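[1] After the sequence you'll find the predicted model.
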Amino acid sequence: MGHIKRVRYRTVKRQKVGERPGAINIADDALKPIITVYSYNEKELVCADGHELKVILDQFKKCTDHTHWIQIRGLNDQKLIEDIGTYLKVNPLVLEDIANTHQRPKFDEYDDYVFMVTRQVYFNEEGELCNNQFSTIVKPNLIISFEETHDEHFEGVKARLKAGKGAIRTAGPGYMAYALNDTIIDTYFVLLARIGDELDSVEDRMYSNADKSIMYDTQQLKRTLIILRRITWPERDKINDILRSDNTLISNEVKTYLKDAYDHIIQVMDLIENYKEIASSIIDLYLSLVSNRMNEIMKVLTIISVIFIPLTFVAGIYGMNFARVDPATNKVMPDNMPELYSPHGYIYALGGMVLIGIIQVIVFWKKGWFSRL
Amino acid sequence: MGHIKRVRYRTVKRQKVGERPGAINIADDALKPIITVYSYNEKELVCADGHELKVILDQFKKCTDHTHWIQIRGLNDQKLIEDIGTYLKVNPLVLEDIANTHQRPKFDEYDDYVFMVTRQVYFNEEGELCNNQFSTIVKPNLIISFEETHDEHFEGVKARLKAGKGAIRTAGPGYMAYALNDTIIDTYFVLLARIGDELDSVEDRMYSNADKSIMYDTQQLKRTLIILRRITWPERDKINDILRSDNTLISNEVKTYLKDAYDHIIQVMDLIENYKEIASSIIDLYLSLVSNRMNEIMKVLTIISVIFIPLTFVAGIYGMNFARVDPATNKVMPDNMPELYSPHGYIYALGGMVLIGIIQVIVFWKKGWFSRL
Amino acid sequence: MGHIKRVRYRTVKRQKVGERPGAINIADDALKPIITVYSYNEKELVCADGHELKVILDQFKKCTDHTHWIQIRGLNDQKLIEDIGTYLKVNPLVLEDIANTHQRPKFDEYDDYVFMVTRQVYFNEEGELCNNQFSTIVKPNLIISFEETHDEHFEGVKARLKAGKGAIRTAGPGYMAYALNDTIIDTYFVLLARIGDELDSVEDRMYSNADKSIMYDTQQLKRTLIILRRITWPERDKINDILRSDNTLISNEVKTYLKDAYDHIIQVMDLIENYKEIASSIIDLYLSLVSNRMNEIMKVLTIISVIFIPLTFVAGIYGMNFARVDPATNKVMPDNMPELYSPHGYIYALGGMVLIGIIQVIVFWKKGWFSRL
Amino acid sequence: MGHIKRVRYRTVKRQKVGERPGAINIADDALKPIITVYSYNEKELVCADGHELKVILDQFKKCTDHTHWIQIRGLNDQKLIEDIGTYLKVNPLVLEDIANTHQRPKFDEYDDYVFMVTRQVYFNEEGELCNNQFSTIVKPNLIISFEETHDEHFEGVKARLKAGKGAIRTAGPGYMAYALNDTIIDTYFVLLARIGDELDSVEDRMYSNADKSIMYDTQQLKRTLIILRRITWPERDKINDILRSDNTLISNEVKTYLKDAYDHIIQVMDLIENYKEIASSIIDLYLSLVSNRMNEIMKVLTIISVIFIPLTFVAGIYGMNFARVDPATNKVMPDNMPELYSPHGYIYALGGMVLIGIIQVIVFWKKGWFSRL
Amino acid sequence: MGHIKRVRYRTVKRQKVGERPGAINIADDALKPIITVYSYNEKELVCADGHELKVILDQFKKCTDHTHWIQIRGLNDQKLIEDIGTYLKVNPLVLEDIANTHQRPKFDEYDDYVFMVTRQVYFNEEGELCNNQFSTIVKPNLIISFEETHDEHFEGVKARLKAGKGAIRTAGPGYMAYALNDTIIDTYFVLLARIGDELDSVEDRMYSNADKSIMYDTQQLKRTLIILRRITWPERDKINDILRSDNTLISNEVKTYLKDAYDHIIQVMDLIENYKEIASSIIDLYLSLVSNRMNEIMKVLTIISVIFIPLTFVAGIYGMNFARVDPATNKVMPDNMPELYSPHGYIYALGGMVLIGIIQVIVFWKKGWFSRL
């Protein structure tokens, strides 16, 4: 209907009922993984990429004094995930969560690593809402991130990594986890700015050229806001959990930045509520507009009908064929419609009609029907 | 009305008013129990089934070094329940709860056993929503489960038990309680996937071929969601209670898995909220559609009526029979409708009507009535 | 309007403004009290009844080794209440609460006694909703209950007392307080079952034979649910207060049973929420039904009007009396409605009308007006 | 519109922006103060009144062994308030709160005095809702109360003070503070009883003689309830604060009574919620009534129109003037409306019309349009 | 549409996605800063202003024994902000928050300074709602405030500073922070008073001269209230945080005043809720008014139509041309409309029509259609 794409919720296809916990179920339409490894320390940044575990292991051997960020885009390789899990001694339940991309944002602490989930929400190039999972495992000197698509979402972070300025090269994998997470939160602002613009243009359209797509479009925007709100609440809890955790992987320096990210996510929540209120207000105004339009139409119909109904009746009366003279007998019947045979009957009839019309207009005027409700 | 079955809530038929607490009241339509006993340890799995307590006692004697899972399907045997209660020294209030199948999910701890209730919610083969009670008593080396129907809901668990892989054979009755509970939670996802599909198809229907069954169907789906939500909230609390309990029947290993189940139930709650929002949004869009349709119909009626009402009146005027010549007296009355006797009166009249019509169309155009609201 | 009685809230008639706290104000329509005393121990049950304090005092003298349950039905005896208060050393504020029957459920602890209020909610024989106060004072070996009506609500408890089985004879006045309270909670289930049946029948009626009483009936049922909900929330808090209290009048055995009663009240709250949702859903469906009916009617009117309006206009045109020959001058005017004087003009006119009608039907068909919205 | 006065909220006119805290701003329409001093102990009650501070000081000198209640009605004397503040060493912020009569109910503790605010809400004699501030300062042996109007609200308390019975003469200024506060809470019940009666009469009117004032009146009552609710919530918190305070000005005896007042305020809150639900239910029923009325009217219009539209068309057909004989040429045209010249054409036409009418009635009957929706 | 300006939410333009935290991004339309320095102690007040950091440094040198309030209005000077940050050793994240003017009210404590954000909300001279950020850094003897506009908002504070009365000169920078914050809270009352007046005038208009701008205006006022509510909640939390903080920059004296400010913000929240309820109630009343107007119009149309439809039909019947005498054959057909040839047929027909009309009026009267719903 409208010009905004229908927002559908992803159906959660859970593993088979009663299956062993920890089983890795890859979605059928998942993409093949691309592995990129960034090994960096204060002095240098070494990159490598490929499609197999070997890329990672080689880099580990080559760069022993570095922090490693292993970026895996695409999840359609069950063996790779299992191998990484085995190599890094990760709990199978974590691997299941990485593959089953319906997790809410969360922060789970394990013996020597932490696991985080964030949601990437954005409109793709076709204008469809994407809601993908971004999960990271953080170990000392190591961070692995898993994404569902091959798209590039971290250009800014990579540019800062290459430039080597700021804390990014020195503050460890916890800072990198923060930087990636904060970048995703930044995209929420981009999404919200777009929603805000759409709401504005829908509202403009409502005042200038309202049609029924307004209802549809606003509902789609509202759904988008609801999806985003479903994500920001656990995201906030997640950041709170990290802030309250005393895990050594998250240094105090990183926590200072996370407090900033926490403020951002609160701002996102605020904006969502604002936009939801606007969406509701647009719907209310639209419904009122529709009802006013309807009213106006009804009023015009009523006034015109009610004025002409008695007039047409009068015309009907004088259109009756009561005979003055019976053609069969030629008998004259003077009581049958004598008006018709009065020399100025027509003038009187027209005059009477005009009078009736004027009286009606005056009555409706008095009733205030000509004012706009 | 629609193609979705009407969702009815089960009426709670409590015991008689003022009856002794602990009295076992079996519903009239309860099924006769089928007892199946699975005794297993790391090495072997021994099964037995029957309809009487003796099956259980025999198995206890035969398998002394095993964990026993006694699955009882059908509750219509008051004596059996009482005997089990007596044999295992279970509180009568627990037996009452097992028989009175309207309990909310809960976790009660007693001296040497725990009692849990879970709800099985699913569409049966006739498409009616079932909401059955699944209760378990867990003691050291022993778990008894009570179900209301004879249906098989735990094929996956039994397959894993037969295969003997994973923790299922070795992690004790607490793990089995988790496995059964988690299987039931998995069926919630199946139910929700179906509701999601139904909502999708209702929404498709709304855009392509809306009729009044949309309202009915969406309401039924909403009710199903409400029933499910009523169950998931206490279910979440229950799992939380188990996690926070320090009962030795629930080992730390089992708690790790329960945290996973906890995440699942949170996902279920999230999905329910999503689908409720969609249902509301469908209803809003449908009502707006109905109102738009109504508006359009009214507009067409109004425009056509309003255009023709004055024209018909004019035709009525010239259909009046004011006489030019009185047939009785043959007197000529030149003021009576001279238009009718003008050589081109008809042409002028038609032209005047066309003019009135065009003026009206222009006025309505200016008022924006031809645009689609 | 409908067949369900209008539900009115009881107006709270408080004591006069600024009156001394503790003043006993009996409602004008209160009933005269009937006193029944049940004195029981493990071996025997001694009953007595009457209308004056003397009955109680006599029984106290006679049965020194017993637990006494003094049941007072009807409150219209200010002196009796004051005398009981003086004899048992009860705070005047408690006596005020007993007489002023608008208290919410509560549990108040005093030095050597506790005071509890419960609400009795049920449909009386005239189908009117009653909402009466049931208050009890529990002291060691003694429980006094105050009811507003003479009706018998505790047949089950009295039968168990006579039978002498179970804990009722031995577990003290705390157990009796529990038994009475639990019996009242049981009646909530009876009330809810009736509301559930009514809602079911209203919904049946909606699908088969909807009229405007549906709105009225559903609103009355909703009000009943609201009244019940207002009572169950403080009732739950009350039971919680008792459970958390360490008063010796409430033994641990009684607390086990109270936990059961707590579960029941939670079930009652659950049912209330369920039924409220159904009531809302019935109202929504009914309003949608009304609006659909309206739509259908409008559509039929529109289609028939719109088809006939132009046809009637055409008939009006050819009913005009433009003269072919001026009767006064006999001048022939060939431009005046030549169609009327064409040999097959009538056939063509009818054919044109049929054509106009068919075109309109096709246009409306294309617009989808014949489908059912 | 309706017979209930429009409820307006008092605009809060705060002091000038950026003004010094503690500045006393008296409203322009405030009344001149009347000072009444009641000095009482167990034996005697000494009264005095006047308009100046001197009255108070004289009384202090005369009655050294008494508790003093200084009642100040009317606040339009900035100097008086400042002098009292200086004499009693009261914080200027407290004096500001006394003069700026928009405070919410609150309980503030200072070194040797406490400050309380309560709201007096009632309908005045003109039927307008008043929402005045009642503030008290309690010091050892002294309570000062400030009211906005000269009206007498504490007749009951003064009568008890004169009678000298009960705790009022002996329990100190804390008890007097309780007695005044409780009296105000009692007036809430009076207000609510009136609202309840109004709602009842509006509902009666709805069933017997509904007009559009129902919506207006119910909205005004709802606003009154909202104003009262805004006041009772902080009032409850205030009493709770007093109960939890360990200030020696509030003795344990007073606290026992305050618990009673607490119960009353909870009852008030309960009643407000009840009445709000009724108000909503009345509005829903009224809107449904309006919509039903509309429906019925539409149905009658439709049925009558739809029955007559085709009949009128048929009459229009046979009112057409297609000529059998061209008056100019006298040519007979047998195809032009032969029905008109059939001997029983009129009878057939009438019969056909009756038939069409009957068929339509049957169709509408089948469609259930004659049943009442 | 209405006379109230459309309320738009400011779009949050965050820094570029993935940018370094702490980066200062100045909005494109920010104003050039004006710096004003007020250095004051008990004895004197020294002012200075300019556009560069030098003004501040000079003043620091000149007034060593003073408290400094540096007021910076306009933020469009990235270097100035960075220089101040460097000079005062302020965390870059704080500087980012100062420049990115979308912060919620908050109170952040750092080692030797605190950072506060408040929102300035007011209608500007064009009647548009402004929502600007006011941020302050408080250090010992120093307070720096940052505003977005050049407008003067603190005339009252400056006047008190010049007058030198009260605590303002002596109570340190914490008191100045309180004074500025309280001044801003005072402007909320001004804004709310205006909203209250607008709501009042909208409601007046509704009763006297309702048109569709009522819906629009009320929605805009509601949005303003929502914006203000979004700000007051965190503002309340902020003041609470300050009150609970044990930072030495906030003395106990200042806390006493802050408790007063806390009461004010609670009053603001109360007023907002009141006005929101009024806005909702106006919308409900307006919609009911529209629907009543519609109903009345429909009723008039229906009554007039339904009365005239059968009459017009009768007139149509007697307008039919069934021939008494076939002009071609001169055959007399006595069954064709004999009424037309009865001597008083016209009188009878008119009489019949009047009768039909009267019967209809009586039926509608009985149905209560003439009463006003």
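    Done, it's in. Numbers count the residues shown, from 1 in each chain, chains lettered A, B, ... in the order given.
[2] The least confident helix or strand in chain A by mean pLDDT near chain E at all?
    Ranking every helix and strand in chain A by mean pLDDT, DSSP states H and E puts helix A:252-317 at the bottom, with a mean of 88. Yes - using C-beta under 8 Å from any C-beta of the partner chain, helix A:252-317 reaches chain E at A:256-257, A:260, A:263-264, A:266-267, A:270-271, A:273-275, A:277-278, A:281, A:284-285, A:288-289, A:291-292, A:294-295, A:298-299, A:301-302, A:305-306, A:309-310, A:312-313, A:316-317. Glycine gets a C-beta too; all of them are placed from N, C-alpha and C.
[3] now those residues: which count as buried?
    The neighbour-count test (16 or more other C-beta atoms under 10 Å in any protein chain shown) applied to these identifies A:257, A:260, A:263-264, A:266-267, A:270-271, A:274-275, A:277-278, A:281, A:284-285, A:288-289, A:291-292, A:294-295, A:298-299, A:301-302, A:305-306, A:309-310, A:312-313, A:316-317 as buried.
[4] Now do the buried residues in the helix or strand where residue A:84 lies.
    Taking DSSP states H and E as the criterion, residue A:84 maps to helix A:78-88. Residues of helix A:78-88 classed as buried by neighbour count (16+ other C-beta under 10 Å): A:80, A:81, A:84, A:85, A:88.
[5] again, but for stretch A:350-365
    Per 16+ other C-beta under 10 Å, stretch A:350-365 contains these buried residues: A:350, A:353, A:360, A:364.
[6] and if you look at stretch A:29-36?
    A:30, A:33, A:35, A:36.
[7] Give the rounded mean pLDDT of it.
    What stretch A:29-36 shows for mean pLDDT is 92.
[8] End to end on it, go ahead and measure it.
    Stretch A:29-36 stretches 21 Å from its first residue to its last (C-alpha to C-alpha, to the nearest Å).
[9] Show me the contact partners of it.
    Identification of contacts with stretch A:29-36 by C-beta atoms under 8 Å, 6 or more residues apart in numbering or on different chains yields A:47-53, A:55-56, A:70-77, A:80, A:148-150.
[10] So for the nearest residue to residue A:344 once chain neighbours are set aside, what's the pLDDT?
    Leaving aside its chain neighbours, residue A:344 sits nearest to residue B:335 (5.2 Å; criterion: C-beta to C-beta, 6 or more residues apart in numbering or on different chains). pLDDT, residue B:335: 82.
[11] how about residue B:335, what does it touch?
    Listed by C-beta under 8 Å, 6+ apart, the contact partners of residue B:335 are A:343, A:344, A:346, A:347.
[12] Now tabulate these in JSON lines and tack on pLDDT and neighbour count.
    Shown next, in JSON lines, are those (pLDDT from 0 to 100; neighbours: other C-beta atoms under 10 Å in any protein chain shown):
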{"residue": "A:343", "pLDDT": "84", "neighbour count": "15"}
{"residue": "A:344", "pLDDT": "86", "neighbour count": "13"}
{"residue": "A:346", "pLDDT": "88", "neighbour count": "24"}
{"residue": "A:347", "pLDDT": "89", "neighbour count": "14"}
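[13] Quick check: the gap between residue A:192 and residue D:74.
    54 Å (C-beta to C-beta, to the nearest Å).
[14] More neighbours: which of the two?
    residue A:192 (22 against 18; other C-beta atoms under 10 Å in any protein chain shown).
[15] Pretty sure the more buried one sits in a helix.
    Yes - inclusion of residue A:192 in a helix is indicated when DSSP: H, G, I helix; E, B strand; the rest coil is applied.
[16] which element is the one residue sitting closest to the centre of chain A on?
    The centre of chain A sits closest to residue A:224, judged by C-alpha atoms, centre = their mean, with a distance of 1.6 Å. Assessed by DSSP H and E, residue A:224 sits inside helix A:213-244.
[17] What is that helix packed up against?
    strand A:106-109, strand A:114-123, strand A:129-139, helix A:172-209, helix A:252-317, helix B:252-317 (3 or more C-beta pairs under 8 Å, 6 or more residues apart in numbering or on different chains; DSSP states H and E).
[18] now the helix holding residue A:84 and strand A:129-139, what's the angle there?
    What separates the directions of helix A:78-88 and strand A:129-139 is an angle of 30 degrees, with axes from the mean of the first three to the mean of the last three C-alpha atoms, to 10 degrees.
[19] Report the backbone C-alpha coordinates of the very next helix or strand once past helix A:78-88 in CSV.
    Downstream of helix A:78-88, the first helix or strand assigned by DSSP H and E is helix A:92-99. C-alpha atoms of helix A:92-99 as CSV (Å, rounded to 0.1, in the frame of the first residue of the first chain):
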residue,chain,number,x,y,z
PRO,A,92,28.9,-25.7,23.5
LEU,A,93,25.9,-23.6,24.7
VAL,A,94,27.8,-20.5,23.7
LEU,A,95,28.5,-22.0,20.2
GLU,A,96,24.8,-22.9,20.0
ASP,A,97,23.9,-19.2,20.8
ILE,A,98,26.3,-18.0,18.1
ALA,A,99,24.7,-20.2,15.4
